[in-house]
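Undergrad: pasting the structure only:
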């Protein structure tokens, strides 16, 4: 299976500060890949390098074999990479359905002249876009709430709307930045199943930044651990859980992990 | 906020602001103009240069006091003070006291022959006399004190003891019931109704310009041109969020295109009005695009200043002697020939009114089509959050340039019509103030709101006609209005709501992932 | 997807960079050619004229610097451009004007000169008083400006305080016009400090005048600039300002009264602008309500030139702009009418080619 995304020795510097230090990733197609690490480890910065917001000082980012570092974010979006954000960044003054419609931008072809003249091409495209938007809203569980202003939606719904907007791009790679932040255990569980379901139903590759170990250990195929910008471990969930370096640096708040830690301590 | 305050003390606090406002108005001579306006409303307009009867001055002050008394009483009631109407008395009483002292001092000084016009030039002897109600300084002072105090206090009492709130609620309920009546609703939705309204509108637009005289044609023509400009700037600032302060430059391009192509001096090209329209629009759009190229990376504040700089550069260049041979220099271009239709001259004021109405109708059509389309949505996304819009796949550079080009095109046609109608244009037509005027009407009407722009244009150009006495204070009011609107109602007077795109959901069979999600959404 | 397509994705950005560099090179080349023409071939001006240009440029540059510091201070702490800053300067000018008028009208007779007024009897004291009043009035204006027009909007989207600032600027201009009439007024300097008199130096055969008012303005500018720099770097107040500029929330958590610091910043920036305003009046003479507009924009240009948010940058930017504005038109053989255009052009060019300015701007990082 081809690698959907590869980062090769990617480094990002801010003045003297090395935020990401020669990180290598190989993310196979159709996998759910998680990046974990303590706060400030450089996870979101790495995301930003992949999505095009930053250009890494060193290294390359390869998307299905093609180098994409240095491209603008809208070009990268049109290549099929979509993302969500750590602090939700919806278009607050627009309705839910409008947010999803914006997400479809890379796929829409009609020009402003078409829009003014309401040509056949424009009308067909708009109709299809609306249908797709309705479908996506229903898919994330926001069916019927399309006309609500996005800032009036409850928190969990906003997160799901952001995902719907990302999915509107028909991406092949989905970057999710802490999708369960601020959620209670029940909501987290639902989101975890949802993300897992995404891969099955939509055939996409998912790159996940998460702090909640239940989610990470529960659905990831592979995990990379970052600390101070460097990769300190990589492997399957069970490998990561028993990796002493990871346990030493950080091991989240998942109950299994904590229990495991105490159990091991007791056995010593 | 001390909690053991009384209404009286809180009134004093808000009264101090009111006092400063009143004193300021007095010092800029606003009392005279406001009273003159009131006098005109009652049919006793003063002759130009003269002051109205003094009673109107007192009425003016009384109106101010009523407003202050009522609002401070309402505020006190809100905060739960006992005897809230005391704050009405205290706030206006304070102002009255200070004003009384002012009149006493200045009245006496002026009686003794002093004249402070060299410093505070509104304080002419006639004005001081007017303020003291044509009485001796002492009497004048006392009259003013009592007018303010009593008017404010009574307003406060009225607010507390008269059922205004209930009345207003009643009115609102009745109106809503009327508006939402089924018969009313179905009437409004029916095709015939809409057709009828449009037909009436068209008839009105055809006959009115012929009937209401050239003065109103001029005024409403100007309103129309400002609607054009407002729609254009609305696209740039209101929709795509680029704060462009040099908008007048595009207006100038349109104006100078028709001028340079149709006037004997300096070039004597005489290409005709209609080609000039096309060329003017194209040139303006092109310049919008060109100006956009270097500024794409700039953020709001920088963008504003740079475009301001551009606008000023163009104005200085137009005005300089350097380019006189090309642009006509500081004196402008005269004798611009008007349009002709099928060989007949089409440049009477009525004809121009038709042209302007046509242009405005077209502009409204294009603007609303754009706004409610994918293009408009992309612009708004760029305004809301440019970074995320771009990351979601919106080519922000392309859309921002499109907004600039289209917005500039609107200004171009406005400029062409303006110059052709006046048969003249010059550097003084293209000053920064025009940009600020248009910006004000877009902001005050409501950013991104087309009806807001129309409302703003009427307010901007129509109100000064009605409030002729207050012409000197127009800019002052502008500035204050901008600040107040940003604090109190940044969404504008007629904000635009988002369109309703949601279709009613058909009953869907229970589907595993959705249903579990749905349960959680009830939060 | 081939490597070819990935190249074509990068092309628009590359093209933009090439165009920008090309334009930059062209502009510099054009300026060099013209300057060479003027300086070495035509030589319409003698050394003495250049010295005159330089002197007047420095003097006005000092005033620009003071106003520019005001812009930079506010930008550093609130992230917004105080559009109304030029009006604050103008109000300072008016304050000084009225003080001098009042002093002129106050009789201070001595046996030798029974007609003497206070202004001429105690010229230095009068000037000092004028500066005090002008500075005080401008500071107050700055304080109330922030309190009324900016504070309620502190958390609003960027466009909103900007428009409020524009509105405040228009309001102040017109308030002054309505209160004090649109008439142009002339600063009455004390006789010993009249405009146009000073020391004469012989340069290249001509007498070059170094005016007393010019020396006063320039030295005061330098003193104030040094004073401000010390204030910001060494004192507790300055530390608080820098803390708030960097991170409001953390500063508040550390016990800094953010509102007070912001008010203080506006008071200080207003004071500097007021001082510059009084200097303007003493040195240039004219006072009118629209006075602040052009110097305001030019000072902003200076602040951007030196790097917005950077205080030494504002100082350098102001002096450089003053010099360039003075020497530039002559050096490039351009009409003097276009002097103002130079400042605007510099602004546009700097913002396009080097938005961080000469000394580097304070960065406003967007958190994604």
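TA: Here it is on my side, so go on. Computed from a prediction, not measured in an experiment: that's the story for all the values here.
Undergrad: from here on, contacts and neighbour counts on C-alpha atoms
TA: Fine.
Undergrad: So the residue of chain B found nearest chain A: helix, strand or coil?
TA: Nearest residue of chain B to chain A: residue B:393, at 4.2 Å (CA to the nearest CA). What DSSP: H, G, I helix; E, B strand; the rest coil gives for residue B:393 is coil.
Undergrad: mind pulling up the phi and psi values for it?
TA: The phi and psi values for residue B:393, taken as degrees, to the nearest 10, are phi 110, psi 0.
Undergrad: Which residue, neighbours along the chain excluded, lies closest to it?
TA: Spatial nearest neighbour of residue B:393, chain neighbours left out: residue A:74 (4.2 Å); criterion: CA to CA, 6 or more residues apart in numbering or on different chains.
Undergrad: Quick check: next helix or strand after the helix or strand hosting the one you found?
TA: Taking DSSP states H and E as the criterion, residue A:74 maps to helix A:73-78. Counting by DSSP H and E, the next helix or strand C-terminal to helix A:73-78 is strand A:81-83.
Undergrad: is that following strand up against chain C anywhere?
TA: No. For strand A:81-83 and chain C, the contact criterion (CA under 8 Å from any CA of the partner chain) is not met; the two come no nearer than 11.5 Å.
Undergrad: Remind me what that strand packs against, helices and strands.
TA: Under the contact definition 3 or more CA pairs under 8 Å, 6 or more residues apart in numbering or on different chains; DSSP states H and E, strand A:81-83 sits against helix A:43-51, helix A:155-167, strand A:173-177.
Undergrad: cutoff 7 Å now
TA: Applying 3 or more CA pairs under 7 Å, 6 or more residues apart in numbering or on different chains; DSSP states H and E, one finds that strand A:81-83 contacts strand A:173-177.
Undergrad: how close does residue B:10 get to residue B:72?
TA: Distance of residue B:10 to residue B:72, given as CA to CA, to the nearest Å: 8 Å.
Undergrad: Pull up the gap between the residue of the stretch 1-150 of chain A found nearest chain B and chain C, please.
TA: Chain B sits closest to residue A:74 of the stretch 1-150 of chain A, with a gap of 4.2 Å, by CA to the nearest CA. Note on residue A:74: its distance to chain C, by CA to the nearest CA, to the nearest Å, is 10 Å.
Undergrad: Over to residue A:102?
TA: The gap separating residue A:102 from chain C is 19 Å, by CA to the nearest CA.
Undergrad: Tell me how many other residues surround that residue.
TA: Residues near residue A:102, counting by other CA atoms under 10 Å in any protein chain shown, number 27.
Undergrad: ok, it - contacts?
TA: Shown in contact with residue A:102 (CA atoms under 7 Å, 6 or more residues apart in numbering or on different chains): residue B:378.
Undergrad: Shouldn't it be within a helix?
TA: Yes. Checked against three-state DSSP, residue A:102 lies within a helix.
Undergrad: Looking at it now. What's its pLDDT?
TA: Looking at residue A:102, its pLDDT is 93.
Undergrad: Please apply the same query to residue C:16.
TA: Here the pLDDT value assigned to residue C:16 is 70.
Undergrad: contacting residues for residue B:384?
TA: Per CA under 7 Å, 6+ apart, neighbours of residue B:384: residue A:91.
Undergrad: For it, give its distance to residue A:90.
TA: The value you get for residue B:384 to residue A:90, if CA to CA is used, is 9 Å.
Undergrad: same thing with residue A:233?
TA: Between residue A:233 and residue A:90 the computed distance is 33 Å (CA to CA).
Undergrad: How about stretch A:122-137, which residues are buried there?
TA: The neighbour-count check on stretch A:122-137 (16 or more other CA atoms under 10 Å in any protein chain shown) flags A:122, A:125, A:126, A:129, A:130, A:132, A:133, A:134, A:135, A:136, A:137 as buried.
Undergrad: and those residues, which two are the farthest apart?
TA: Maximum pairwise distance among these (CA to CA): 22.2 Å, between A:122 and A:137.
Undergrad: Of residue A:233 and residue A:90, which one has the most company?
TA: Applying other CA under 10 Å to residue A:233 and residue A:90 shows that residue A:90 carries more neighbours, namely 25 against 17.
Undergrad: hang on, the earlier thing: helices or strands up against the helix holding residue A:74?
TA: Secondary-structure packing of helix A:73-78 (3+ CA pairs under 7 Å, 6+ apart): helix B:386-391.
Undergrad: for the stretch 1-150 of chain A, what spans make up the helices?
TA: Using DSSP state H, counting those that start in this stretch, the helices of the stretch 1-150 of chain A run over A:43-51, A:73-78, A:96-103, A:112-117, A:120-139.
Undergrad: From chain C, how far out is the spatially closest residue to residue A:215 that is not a sequence neighbour?
TA: In this structure, residue A:215 finds its nearest non-sequential neighbour in residue A:192, 5.7 Å apart by CA to CA, 6+ apart. According to CA to the nearest CA, residue A:192 stands 23 Å off from chain C.
Undergrad: so what pLDDT did residue B:520 get?
TA: Looking at residue B:520, its pLDDT reads 37.
Undergrad: again with residue C:219
TA: You'll see residue C:219 listed with a pLDDT of 94.
Undergrad: isn't the residue of chain B closest to chain A right next to residue A:106, touching?
TA: Yes. Contact criterion CA atoms under 7 Å: residue B:393 and residue A:106 qualify, at 5.2 Å.
Undergrad: Which one's more surrounded, the two?
TA: Neighbours per residue (other CA under 10 Å) separate residue B:393 from residue A:106, with residue B:393 holding more: 28 against 21.
Undergrad: Next one: that one from residue A:101, what distance?
TA: The gap separating residue B:393 from residue A:101 is 11 Å, by CA to CA.
Undergrad: same question, residue A:239
TA: In this view, residue A:239 and residue A:101 are 41 Å apart by CA to CA.
Undergrad: who has more neighbours, those two?
TA: For the pair residue A:239 and residue A:101, the greater number of neighbours falls to residue A:101 (26 against 14), based on other CA under 10 Å.
Undergrad: what's the distance between the more buried one and chain C?
TA: According to CA to the nearest CA, residue A:101 stands 22 Å off from chain C.
Undergrad: Tell me the spacing between the nearest residue to that residue once chain neighbours are set aside and residue C:110.
TA: Of all residues not flanking residue A:101 in the chain, residue A:133 sits nearest, at 6.2 Å (CA to CA, 6+ apart). Computed as CA to CA, the residue A:133 to residue C:110 distance reads 90 Å.
Undergrad: same deal with residue B:44?
TA: Separation of residue B:44 from residue C:110 (CA to CA) stands at 57 Å.
Undergrad: In terms of packing, which of these two has more residues around it?
TA: For residue B:44 versus residue C:110, the count of surrounding residues by other CA under 10 Å is larger for residue B:44: 14 against 11.
Undergrad: Skipping its backbone neighbours, what lies nearest the more buried one in space?
TA: Nearest residue to residue B:44, sequence neighbours excluded (CA to CA, 6+ apart): residue B:52, at 7.6 Å.
Undergrad: ok, so what distance separates the one you found from residue B:127?
TA: According to CA to CA, residue B:52 and residue B:127 sit 10 Å apart.
Undergrad: Neighbour count: the two, which is higher?
TA: Set side by side, residue B:52 and residue B:127 show more neighbours around residue B:52, with 23 against 18, by other CA under 10 Å.
Undergrad: thought that one was touching residue B:36?
TA: Yes. With contact defined as CA under 7 Å, residue B:52 counts as touching residue B:36 (5.4 Å).
Undergrad: And the helices of the stretch 1-150 of chain A, which one averages the lowest pLDDT?
TA: Here the lowest mean pLDDT among the helices of the stretch 1-150 of chain A goes to helix A:112-117, at a mean of 86.
Undergrad: Quick check: neighbours shared by residue B:52 and residue B:36?
TA: Common neighbours of residue B:52 and residue B:36 (criterion: CA under 7 Å, 6+ apart): B:45, B:46.
Undergrad: Tell me which of the helices of the stretch 1-150 of chain A sits nearest to residue B:417.
TA: helix A:112-117 (22.9 Å).
Undergrad: Strands along the stretch 51-200 of chain C, start to end?
TA: Ranges of strands within the stretch 51-200 of chain C are C:185-186, C:198-203, based on DSSP state E, counting those that start in this stretch.
Undergrad: List the contacts of the closest residue to residue B:374 other than its chain neighbours.
TA: Residue nearest to residue B:374 in three dimensions, not counting chain neighbours: residue A:115, with 7.5 Å by CA to CA, 6+ apart. By CA under 7 Å, 6+ apart, the residues touching residue A:115 are A:122, B:369, B:370, B:373.
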